[in-house]
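1. Predicted model, plus sequence, below.
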Amino acid sequence: MDFSVVIQQLINALTLGSMYSLVAVGFTLFFGVIDLINFAHGEIYMLGAFVGLITVGFFAGTGMLASHFILVLFIVLIVAMVVSGLAGAIIERAIIRPMRGASDLMMLLLTLGVSIIIREGVMIFYPNGANPQAFPDLFPGGSVNLMGIVLKYEQMFVIGFALLMVLLLHVLVNKTKYGRYMLAISQDREAAMMMGIDINKIITFTFIVGSALGAAGGVMNGMYYNIIKFNMGFLIGIKGFSAAVVGGLGNIYGAIVGGFLLGFLEMFAAAFIPGGSQYQDVIGFAIVILFLVFKPSGIFNEKVYEKV
Amino acid sequence: MNRKTKDVLSILLIEFILFLGLLAVISVENYAICGGIILFFSVLVIYLKKKYMGLIEKIQAMFRDNKRIAKISLVCLLMTFPFFQANNPYWIQVAIMVGLYIIMALGLNVMVGNAGLVCLGYAAFYAIGAYTYGILATKFGLSFWLCLPLSGLMVMIFGFILGLPALRVKGHYLALVTIAFGLVVYQLTINLEGLTGGTNGLMNIPAPNIGNYSFNMPLDLGFTRLPFHANFYYLILVLVCLSIIVATRISNSLTGLTWNAIREDQLAAQCYGINLTKNKLWAFAFGALFGGIAGAVYASMVGFIAPENFTYSHSILILSMILLGGIDSIPGVIFGAVLLTIVPEKFRAFADYRVMFYGVVIVSILLFKNDGLISAHLRKYTSTWNLEGENLEKNVEHQENEAKIYT
Amino acid sequence: MKRKLLTLMLVLVLTVPMVLTGCGGESQSQVVKIAFIAPITGPNAAIGLGMRNSAELAVKQANDKGDLPFELELVPLDDASDPATAVNAVNKAASDPDVLGAVAHFNSGCALATKDVFHKYGLPAVIASAINDKITQDGYDEITRVISASEIQNVYAGDVATTKFGAKNIAVIHDQTDYGKTNAEQFIQKAQENGAEMLSFDGIAVGQQDFSALLTKIKAEDPEMIFFGGLATEAALIKRQMDELKIPAIFMSDSGIHTKTFVDIAGELGEGALCHGLISPIEDLPKGQEYIQAYEAAEFKEPHEAFGPFAYDAANIIIEALRDAGTPDRASVTQAIRDTEDFDGVLGKTSFDESGQTELNSVITYVVEDGKWIPLEKSSFKEQYIK
């Protein structure tokens, strides 16, 4: 096997893994603060991509796409993250909060219902939403060519941006007041409440952060593949969840590692297993099932406690 | 007229009116008139409820006292349905789909309702049942009546297989495992081309036949001819009745109670000495069985199956049926299946909004009435179970009678 | 108790007439319906809507002309590109005794699933644009088709690739659907006959977005051409990612990608992609301009897309058959459709052979240039590709 092919596949995998990580982090954050698996999170990712597309639409005629692409990209990302963050907050306030304390099954079905509403809502209300939408190029199409290995600028940006977000999240969680509150709540909600932390506020804040990261992932997806679809959230949601589980739910770094791991596994399965390309999207689940059966707590241990 | 005859007559009348209402709703094409009929019935019910205190309770009591007659007469009424729709078999076909969904919803209810094991890949069982029949019938030429139990058996085996990883995980993880199971089965039906025909699907699946009489022939009754759909309609009617009986018996039995215990608190159930492994596996296998039967019948009816018939959204649809009707409530589950099959068919013009509608149903039911439209009754056990498992049915009857005394 | 019974009686009296008026909806004027079944929602909705509008146009023109002894009505039904939905839709259409013919299907999977249903009900169907060979191979009288079967175009494609372009090493990708896989197999069979070598044969999943792993693998095989059997969305993504990975191969596919969707999604990187259309550009056809003007005059919301003319001709063939049939019943309409001889439509002069297949055959190669599909012969890629 050619060495450069392996490197090329590695780069491809890193790009894919970055997007998975951005989604997985959301799952893990929500689970951390309120023990909830938000099945609507994949749809937030999709929503982010569509908001991004709409925002790009405003610049379409101005020629700024060519001259100030960095600025446009920035605006698109910010708008998508803010809008989706708000959507996340609304979901939390309007639907999840009234049901807090209900059984796992109920919460699961609830977020599932929300995910259907968002998905179908985009399909119905976005013009021609049932069809795939072309996402314009936001980034110059060039690439670095080195010994047969192609590294696109876009890929560099996707990977770099994901790493930046991870860094920011690290700072947010460990160095700021809100981050400390989040940690406190995830360790012991009652105790945190007794220490005077406004847990409602922090939970909403967590939803905003998680959803914004997911939306950033959606925009990355749009600009990298140049195509978005109303139903793209389902698969990415399952994959993000899988990545979070593999990393250990509740552990932010676990989710990131899990995301990249899933990216690698998919890429290498498609590349090096004969006939693997048609199973690319299923390989991840097979691994997750194995993980759940043999090591349910993930690579980095999940916080587990059983109330009796 | 003594009270008993009066009651029986009223029951027949009520059933007849409801049946006529249903016929009216489905045969009127105009949305305004259709809505009018529904509105009329709703207003009538509300009016009666307001006007006569305790009327609903009285009617309920009436039905309870004459259970057998009520059931038999209902089945008889339903048997006349194809005669009303003989020149437009479309609604007979919808009725068959309603039946299939009732069977599947009852099966899913065994998992989710009785045992609290969330399953988001139920369509996979439906698929396995359909493909088992399809493959056995087209490749080996086996008869439907032999394949039906075989499909059931096959699906139960798969239920066990899904149950194995499910033993180690619960809650959200279980949901993920079941979604993955659904996707893997879907992908396999696509990729195992030699067996399943791939995305192309399996074609020319034979209809069931009795002797020389194929279910694909019109049903000639001498005085009238019914379209061939009627054959399947009666088959489904029998299967639905059987499923309801089996599901009711099971959920009233000790096994049902055990499942409930696991659902409420796994740890506590375990402490009581309940064998989690055995009971959970049975819940999966048993719930799956219903889906397999429905799948086999479906395959034999349409004669063509493809992976697209068994997607994730079908799993969600069945789940929303039991949520809407009421988890763990058998009448509720049936009602949910009927409603969620007929309403989208009726409003086909709004096909785009169909899935959205399911989502709204799920969320609003959970937010506002999370035990469903017809919620589950509290169990009527009062004392002593027959722990040997013998004469269980008699025992249930006995307990019900006993419960009646208390209520 | 008595009062209650009385009330119930009252309800009954009120309901029965309603039911009866509902059931006894006998049609007053003579209406003949033509069913239209294609994807109106779902991934191929754009094409399906163009087809529906075209069929609508044909029906409208016939009604305006007013030489039929009955009113025509088009019943559009959705198959959502999904075989199961298609079977339901056909069942629904066939259950209506007023429906005497159907213009059906864009997807081969749907047509394969429903051909038996059409046969069972004896309802004649003119398949507008599903190209799988097997659709017309059962010898059902009810099934006819106005589009060339896939083998014709794939054999043509195989010849073009090997003899015209001189490609020797070809990598083949398909989307695992019956349509894509059959195309890919028929293409490669012809290409191999002509001496080309198949380097690899890989499946992808519909809806998959990332093909970089597969393409990186293919790049290492160094093919001169990549042939893709499948539809526009995946094709566009593959073409893009091919160029981004700097694979210098020619990209070729089938009539399935001959849509605006491909050009939209592939963008600039779509330039130079090849496909095989089943007709020449509509505006170049003798009756093409007429059709385009009529379509524009009817002010439909959606464009007619590539397959509109097929639905238009299919609908007109049924209308013509209704005119010829004498008695409007399914059996005679079926026969009349089968007897169609040199029907002069947009596509050309259509006649059916004994299997119900159109005898028209006009496959040509298209290429994307300046964001449009144009015939290869007229493009600047001609010199670059043809050796």
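-> Ah, there it is.
2. Now the residue nearest the centre of chain B: closest residue in space that isn't a chain neighbour?
-> Nearest residue to the geometric centre of chain B (CA atoms, centre = their mean): residue B:102, 2.0 Å. Distances taken as CB to CB, 6 or more residues apart in numbering or on different chains place residue B:337 nearest to residue B:102, at 4.4 Å, with adjacent residues excluded. All C-beta spots, glycine's among them, are computed from the backbone N, C-alpha and C.
3. What helices and strands are in contact with the lengthiest helix in chain A?
-> Ranked by residue count, the top helix of chain A under DSSP state H comes out as helix A:3-34. If you count contacts as 3 or more CB pairs under 8 Å, 6 or more residues apart in numbering or on different chains; DSSP states H and E, helix A:3-34 packs onto helix A:41-59, strand A:149-152, helix A:153-175, helix A:177-187, helix A:199-225, helix A:232-247, helix A:252-272, helix C:212-221.
4. Which stretch among the ones you listed approaches residue B:145 most closely?
-> Closest of the helices and strands packed on helix A:3-34 to residue B:145 is helix A:232-247, at 39.0 Å (criterion: CB to CB).
5. What average pLDDT does the closest one get?
-> The average of the pLDDT scores along helix A:232-247 is 87.
6. Out of the helices and strands in the chain, which is least certain?
-> I went with chain A, as the question did not name one. In chain A, the helix or strand scored least confidently by mean pLDDT, DSSP states H and E is helix A:64-67, which has a mean of 70.
7. The helix or strand that comes right after that helix and chain C, any residue contact?
-> Using DSSP states H and E, the next helix or strand after helix A:64-67 towards the C-terminus is helix A:69-90. No. Using CB under 8 Å from any CB of the partner chain, helix A:69-90 never reaches chain C; the gap is at least 15.0 Å.
8. Which residues of chain C lie near chain A?
-> Residues of chain C that fall close to chain A, judged by CB under 8 Å from any CB: C:41-43, C:45-46, C:176, C:202-205, C:207-214, C:216-217, C:219-220, C:233, C:236-237, C:240, C:244-246, C:261, C:264-265, C:267-269.
9. Of the residues you listed, which are in range of chain B?
-> Okay, of these touching chain B (CB under 8 Å from any CB), that's C:41, C:176, C:203, C:205.
10. The third one pairs with what?
-> Going back to what we said before, that points to residue C:203. Here residue C:203 sits in beta bridges with residue C:174, going by DSSP bridges.
11. mind showing which ranges of chain A have poor pLDDT?
-> Low-confidence segments of chain A, defined by pLDDT under 70, are located at A:1, A:64-65, A:301-308.
12. quick revisit: tell me which helix or strand the residue nearest to residue B:102 sits in.
-> Applying DSSP H and E as the criterion places residue B:337 in helix B:330-346.
13. same check, this time on residue C:263
-> Using DSSP H and E, residue C:263 sits in helix C:260-266.
14. Against which helices or strands is the helix or strand following that helix packed?
-> Next helix or strand after helix C:260-266 toward the C-terminus (DSSP H and E): strand C:274-277. Strand C:274-277 sits against helix C:150-159, strand C:250-252, strand C:364-369, with contacts defined as 3+ CB pairs under 8 Å, 6+ apart.
15. what lines up beside the last one in the sheet?
-> So the one you mean is strand C:364-369. Applying DSSP bridges, one finds strand C:364-369 paired with strand C:274-277 (antiparallel), strand C:372-375 (antiparallel).
16. For the helix or strand just after the first one, give me every contacting residue.
-> Next in sequence after strand C:274-277, counting helices and strands by DSSP H and E, comes helix C:288-297. Contact with helix C:288-297 is made by C:53, C:54, C:57, C:61, C:281, C:282, C:283, C:304, C:308, C:309, C:312, C:346, as judged by CB atoms under 8 Å, 6 or more residues apart in numbering or on different chains.
17. and what of stretch B:339-358?
-> The contact list for stretch B:339-358, computed with CB under 8 Å, 6+ apart, reads A:116-117, A:119-121, A:123-124, A:130, B:25-26, B:31, B:34, B:94, B:97-98, B:101, B:313, B:316-317, B:320-321, B:324-325, B:361, C:41, C:78.
18. avg pLDDT for stretch B:285-295?
-> pLDDT averaged over stretch B:285-295 gives 94.
19. how much distance is there from that stretch to the middle of the chain?
-> Computed by CA atoms, centre = their mean, to the nearest Å, the chain-centroid distance of stretch B:285-295 equals 10 Å.
20. Chain B - how does it break down into domains?
-> Chain B breaks down into these domains under automatic domain parsing: B:1-79, B:88-376.
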